[in-house]
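Student: What would the 3D arrangement of this be:
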Amino acid sequence: MGKLEESLNNAQRAYEKMMKGVCAKQEAGEAKFKLDLENLEKRHDEEISQVKLENNDLRKSVEELASAKTWFLSEGARQLARYVHKCSEMEKDVADVNNAISAVGLNVGVKGGYVNALHKKTPFGDVLLLTKDADQQSNQAI
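Tutor: Take a look at the predicted model:
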């Protein structure tokens, strides 16, 4: 029986030694996992803060562009038109465009009136103030 007990004791010691090695490896693996997880969380937080900064920068850019667009549509176009109308080099061109646009507007009104007056059977050529080539004149002026 002595040899059996000794054999069992040796087996138990070998098992305990093996389990200590397994437990040590498991603890080392858990420690490495925790360290990797902490590093990953830090990197994730840094990336999130970087994305938030970029998002804020983009929001500021969008706000600036919206402000510039609003200014251009409300004030810039008006200033541009004012400068073009006041510019002596553009005086004749602006007058030609205004006259051409007026002729087109007048023709549209006259044509509309003619359509409404069709019940009188008035020939199109007899409509007063109608300039048949007003569209072409407008295109040339522009």
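Student: What is the neighbour count of N107?
Tutor: 20 (other CB atoms under 10 Å). Where you see a C-beta, it was placed from the backbone N, CA and C, and this is true even at glycine.
Student: wait, L40
Tutor: Applying other CB under 10 Å, we find 10 residues neighbouring L40.
Student: Need phi/psi at it.
Tutor: Dihedral pair for L40: phi -60, psi -40, per degrees, to the nearest 10.
Student: what pLDDT does it get?
Tutor: pLDDT for L40: 93.
Student: now L65
Tutor: For L65, the model assigns a pLDDT of 93.
Student: what about it, helix or strand, and which?
Tutor: Following DSSP states H and E, one finds L65 within helix 2-71.
Student: And the next helix or strand past that helix?
Tutor: Toward the C-terminal end, the helix or strand that comes next after helix 2-71 (DSSP H and E) is helix 77-86.
Student: Can you check what angle separates that next one from helix 2-71?
Tutor: On the basis of axes from the mean of the first three to the mean of the last three CA atoms, to 10 degrees, helix 77-86 is oriented at 30 degrees to helix 2-71.
Student: which other helices and strands contact whichever helix or strand comes after helix 77-86?
Tutor: Moving toward the C-terminus from helix 77-86, the first helix or strand encountered (DSSP H and E) is helix 91-116. Using 3 or more CB pairs under 8 Å, 6 or more residues apart in numbering; DSSP states H and E, the elements in contact with helix 91-116 are helix 134-141.
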